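Visitor: Any chance you could fold what I've pasted below:
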Amino acid sequence: MQHLEGAVDVTVVDREPTRVFRVGTKYLLRVKRHGLDDTVSTYPTQTALQFFMQGQQPLFPELDEVRLAAGYVWDPDTRSIGDAVISMRDGLDNVVWSVVIAQEPGTGSVAIRPTPTGPTLPIIDVRGDGATNGQADETR
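Guide: Predicted structure coming up:
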């Protein structure tokens, strides 16, 4: 957080138990530990639940803020800190998107790798013959 202090258009609030920073008027970020499955480490208080709900100001869309969780990936098996991560969720458990931010060794550049979120789409057999991708299932 100390690296953000003094940055243009960045406001930092670091008062336990709350750590947030605002970028401009649009983005509000909380610092949270992320699990390997994109869960965040937080107590489900009313304040935390409200923070992660998106679209709280429908009357003034131009003033609507985007609330994000920034932090690091925590591996509980090895008890180690992984890459930096930023995620957007709509509610505590509904991850809209998540990106891993990793510094490329020796280059000074940063790579952003999106993490797939949400359920995978089912394959629906509308023909009734068990065919997939236009091919009949030969094991029948």
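
Visitor: Can you get me a residue count around residue 101?
Guide: By other CB atoms under 10 Å, 14 other residues sit near residue 101. For the C-beta atoms, the positions are set from N, CA and C on the backbone; glycine is no exception.

Visitor: before we move on, what about residue 30?
Guide: Neighbours of residue 30 (other CB under 10 Å): 19.

Visitor: That one touches residue 22, doesn't it?
Guide: No - between residue 30 and residue 22 there is no contact, the gap being 10.6 Å when judged by CB atoms under 8 Å.

Visitor: Give me the neighbour count for residue 18.
Guide: Residue 18: 12 neighbours (other CB under 10 Å).

Visitor: Report the contact partners of it.
Guide: residue 30 (CB atoms under 8 Å, 6 or more residues apart in numbering).

Visitor: Against residue 82, how distant is it?
Guide: Distance, residue 18 to residue 82, using CB to CB, to the nearest Å: 24 Å.

Visitor: where along this structure do the strands fall?
Guide: Secondary structure of the chain (DSSP state E): strands located at 10-15, 18-23, 27-34, 66-75, 80-89, 95-103, 110-115.

Visitor: Compare the ones you listed and say which comes out lowest on pLDDT.
Guide: Lowest mean pLDDT within those: strand 110-115, at a mean of 61.

Visitor: Tell me how far residue 69 lies from residue 94.
Guide: Distance, residue 69 to residue 94, by CB to CB: 12 Å.

Visitor: More neighbours: which of the two?
Guide: Neighbour tally, residue 69 and residue 94, criterion other CB under 10 Å: the higher count belongs to residue 69, 24 against 13.

Visitor: partners of that one in the sheet?
Guide: residue 30, residue 87 (DSSP bridges).

Visitor: related to what we said a few turns ago, can you redo the strands of the chain as a markdown table with distance to residue 48?
Guide: Output for these, formatted as a markdown table (distance: least, CB to CB, whole Å):
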| stretch | distance to residue 48 |
| --- | --- |
| strand 10-15 | 15 |
| strand 18-23 | 10 |
| strand 27-34 | 8 |
| strand 66-75 | 10 |
| strand 80-89 | 11 |
| strand 95-103 | 15 |
| strand 110-115 | 22 |
